[in-house]
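*Asks:* Provided below are the primary sequence and the corresponding predicted coordinates.
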Amino acid sequence: MTDIFLALLPTFAVILVGAGLKRAGLPGDAFWALLDRLTYMVLFPALLVTSTARGSFPAASALPMAAALTGGILLMAGLLVLARRLMPGDGPAFSSIFQGSLRYNTYVAFAATGALAGREGMALAGLAVAAMVPLLNLLSVICVAACALPPDGEDAAPKPPLLRLVLTNPLIIACAIGIPLGVSGLGVPPVLGETLDILAAGSLPLALLAVGAGLNLKVGRGAGLGRAAGGMMIACTIKLFVMPLLALLILWPFGVDDTTRLVTVLFAACPTATSAYILARQLGGDAPLAAAIITASTLAALITMPLLLTLVLP
């Protein structure tokens, strides 16, 4: 476990550097908002295209991994809906628990995969994104929109169409470009490939800094980690423990190789995505609770991910 912890520590150290820079007021609030958008729209899609276009996806590994990740999401989504009446808070609070339990931070997952599984793992990571992103976006938008309270006044922001949110997602578009290039054996054309490599090289460090800047480390009633502890604990327990164990259970009968099992658990066990907060704010969910879940799961994942990965690595 110590070796795994040390391998993952730089990923979380960069996140904490981002949190420290934001707390110190550097380089300024406007910078972090623009960096987050640049990473999401340009840099990380470049990494997805290159990693999937240059990867190989043997069916014996790819299909079981996709089944374990998507199957776990669908099963847990159904259980959460059935248990809604047992959850603390109102409809918007439930939607944040729902998102916090299921959504994963792609940047953390990719950085951890690169540290532990190398190039082979990165190709599988791209396939994991292709399997999970459309499904999670669809389920999250439906849940938040269905649970949102009626908008206050005529100035409430209009909700964007569901189909447009899914089809225009930059990560989905990147996977739709990269995976066919990888499966066909064509790869990335010269010049374009080198250009994407340069953009991709900056994606993970900048993305992890942005993740840290987005954390809400305030503690106290009504703010940050001190808010709605019950919902936060439920979501973090499901996200950091139940989801990876569920993925392992679904994957077990397939007898896949160590790298596939490692990438599957890494993606299932990583903390909640910051996009959960953005969607909650956009569609009328409980944005403060979503922020608290994101922060708590990110801090806790430094311990829970190495612990769970000891079940996977020989």
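*Replies:* Yes, it's here.
*Asks:* where does the chain have low pLDDT?
*Replies:* Applying pLDDT under 70 to the chain flags residues 1, 150-163, 165-166, 219-228, 314.
*Asks:* mind redoing it with 50?
*Replies:* For the chain, the stretches with pLDDT under 50 are 153-155.
*Asks:* tell me the strands in it, going along the chain?
*Replies:* Ranges of strands within the chain are 219-220, 223-224, based on DSSP state E.
*Asks:* how much space is there between residue 140 and residue 82?
*Replies:* 18 Å (Cβ to Cβ, to the nearest Å). Backbone N, C-alpha and C define where each C-beta goes, glycine included.
*Asks:* Next: residue 112.
*Replies:* Distance from residue 112 to residue 82, by Cβ to Cβ: 31 Å.
*Asks:* higher neighbour count, the two?
*Replies:* Per other Cβ atoms under 10 Å, whichever of residue 112 and residue 82 has more neighbours is residue 112, with 28 against 9.
*Asks:* Is it correct that the more buried one is in contact with residue 270?
*Replies:* Yes - using Cβ atoms under 8 Å, residue 112 makes contact with residue 270 at a distance of 6.7 Å.
*Asks:* Please identify every residue contacting each of these two.
*Replies:* With contacts defined as Cβ atoms under 8 Å, 6 or more residues apart in numbering, the residues shared by residue 112 and residue 270 are residue 305.
*Asks:* ok, and the closest non-adjacent residue to residue 178?
*Replies:* Spatial nearest neighbour of residue 178, excluding adjacent residues (Cβ to Cβ, 6 or more residues apart in numbering): residue 52 at 3.3 Å.
*Asks:* Next one: that neighbour relative to residue 312, how far apart?
*Replies:* From residue 52 over to residue 312 (counting by Cβ to Cβ), the distance is 23 Å.
*Asks:* which of the two has more neighbours?
*Replies:* Taking other Cβ under 10 Å, residue 52 and residue 312 do not tie; residue 52 has more neighbours (28 against 21).
*Asks:* Walking through the stretch 1-150 of the chain, point out its helices one by one.
*Replies:* Per DSSP state H, counting those that start in this stretch, the stretch 1-150 of the chain carries helices over the ranges 2-23, 29-38, 44-53, 59-82, 91-102, 106-147.
*Asks:* Great, nothing more from me.
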